[in-house]
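Asker: My questions concern the predicted model and sequence given below.
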Amino acid sequence: MRSFISCMIEFMVPFLKWLFIIPALLLVAGILFEQYSRWKLEKTAFNGQTFVEINGKPLHYVKKGQGNCTVVFQSGMGSSYAIWQEIQDSIAQNAVTIAYDRNGLMLSEATGAPVTNDQVAEELQLLLEKTNCPKPYILVGHSMAGIYLRPFIKKSEKDIAGIVFVEASNPQQIKHASSELLKALQPPPRWLIKSAVSTGLYRILYSFIPLSPEIPMHHPLHRLEKDFFYRSCNKILEELANDEQNFKDAEKYTSFGNVPLTIIEGTSEIRYAAIKDTAVKNEYRQWVDEMQHNLLTLSANSRLVKAPNSGHMVQINDGVLITLEIRSMLK
C-alpha cells in the first residue's frame with residue numbers, strides 16, 4: 001500500500017507543473033503582444049513627420065509659424081515634443097516655433113553620444129541652424145531642460161530674447177534634499193522598468209491607470225507617452241544615470257546676465273499626494289519652493305509665476321500661464 005506522502009506527491013505534481021507553465025505562457029503572450037503593438041505603431045508613426053540628420057541619425061522635430069524670432073521648446077528628462085503641442089500651436093500664430101525629440105527619445109534615433117549638457121547644447125544648435133530658425137530665440141524649458149540648456153544659453157546669450165523655465169531643475173537640488181526625500185522620489189530599479197517594457201506589462205498597466213496624477217488618461221500625451229515608451233526607455237535610463245554629473249556641470253553656469261527670465265512654479269498639492277510621511281511631504285514642499293526661488297538669481301531681470309492648478313506638469317493644467325509669459329517676451 002502506498003504511503004500517504006507518495007500519494008500527495010503524485011497528486012501535487014500536475015499542479016506544480018501548471019504553476020510554472022501558466023506564468024511562462026503569460027510571459028510569452030506578453031512579449032508577443034508587445035512586439036505586435038510596436039509593429040502596428042511603427043507602420044504609421046513616421047508618416048508626415050519631419051526629420052533632420054544630426055550626428056548621422058534622424059532627429060524628429062515639429063516647426064510651425066512665421067516671424068522674425070523663434071520660440072524653442074526643450075522638454076524635460078525622457079519627455080517628447082508632444083508635451084508642448086497645445087502651447088506651440090497657440091504661439092505659432094505669432095512666431096516661428098520648434099519642438100523636438102532629443103536623440104534616442106520618441107521618434108528620434110539614438111546617436112550613441114552620452115547625454116551631457118554640452119551634447120544637448122550642440123544638438124540643439126545644429127537643429128536650429130539646419131532648420132533655418134531665425135534669431136533671436138526665446139527658450140522654453142521644462143524640468144531637466146533647466147540643466148541641459150545652460151551651455152547653450154551661455155554660448156548664445158546675445159541671441160536670446162527671453163527664457164521661460166517651467167518647473168526647471170536646480171543643480172543644487174540633490175545636495176539640498178534629505179536621504180528620506182531622495183528615497184521617496186527614487187524611480188523603480190532599471191531591471192524592473194526594462195522587464196516591464198519588454199514583456200508588455202508597462203503597456204498593459206498604463207492602459208488602465210494614468211502615467212501621472214496630473215495627466216488625465218484621455219489626454220493625447222498619455223497615449224503617446226504610453227505607446228512609444230519602448231523607443232525612449234533606454235535613453236531615459238541613460239539620462240537618469242547621468243543626472244548627477246549634469247547637475248555638477250550646470251553649477252558653473254551661474255548667470256544669464258540681464259536676459260529676461262521667468263520661473264514658473266507649480267504650487268498644487270497634487271505633487272505631494274503620493275507621499276504618506278508628513279515630515280517628508282513638508283520637506284518636499286519647502287524644497288520645491290526654495291529650489292525654484294533660487295533660480296531667480298540666474299538673471300538680473302527675473303520674475304516668479306505660480307501655477308496653482310499644477311504640480312510638475314504645468315503644460316497640462318496651467319498651459320495658459322506659459323503661453324502668456326512667452327507672448328510677453330514676443331512684444
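Answerer: Yes, it's here. Residues are numbered from 1 along each chain as shown.
Asker: where along this structure do the strands fall?
Answerer: Along the chain, the segments classed as strands by DSSP state E run 50-54, 57-64, 70-74, 96-100, 137-142, 160-166, 261-266, 302-307.
Asker: CA atoms only for the second one - export them in CSV, please.
Answerer: What it means is strand 57-64. The C-alpha coordinates for strand 57-64 follow below in CSV (Å, rounded to 0.1, in the frame of the first residue of the first chain):
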residue,chain,number,x,y,z
LYS,A,57,20.9,60.0,-37.2
PRO,A,58,17.4,61.3,-38.0
LEU,A,59,16.2,63.8,-35.3
HIS,A,60,12.4,64.4,-35.2
TYR,A,61,11.2,68.0,-34.9
VAL,A,62,8.0,70.0,-35.3
LYS,A,63,8.4,73.5,-36.7
LYS,A,64,5.4,75.8,-37.0
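Asker: That one - contacts with which helices or strands?
Answerer: Secondary-structure packing of strand 57-64 (3 or more CB pairs under 8 Å, 6 or more residues apart in numbering; DSSP states H and E): strand 50-54, helix 85-91, strand 96-100, helix 117-130. Where you see a C-beta, it was placed from the backbone N, CA and C, and this is true even at glycine.
Asker: can you tell which of these is closest to Gln66?
Answerer: With CB to CB, the closest approach to Gln66 among those belongs to strand 96-100: 6.3 Å.
Asker: For that closest one, give me every contacting residue.
Answerer: Here strand 96-100 makes contact (CB atoms under 8 Å, 6 or more residues apart in numbering) with 59-67, 69-73, 75, 81, 84-85, 88, 91, 108, 127-128, 131, 133-134.
Asker: Settle this for me: Val71 is touching Ala95, isn't it.
Answerer: Yes: when contacts are counted by CB atoms under 8 Å, Val71 is listed as touching Ala95 (5.2 Å).
Asker: Find residues that contact each of the two.
Answerer: Ile138, Leu330.
Asker: Tell me which of these two has more neighbours.
Answerer: Taking neighbours as other CB atoms under 10 Å, Val71 and Ala95 compare with Val71 leading, 30 against 20.
Asker: before we move on, back to that, kindly write the PyMOL command that selects the buried subset of the contacts of strand 96-100.
Answerer: Listed next is the PyMOL selection for buried residues among the contacts of strand 96-100, using 16 or more other CB atoms under 10 Å:
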select buried, resi 59+60+61+62+63+64+65+69+70+71+72+73+75+81+84+85+88+91+108+127+128+131+133
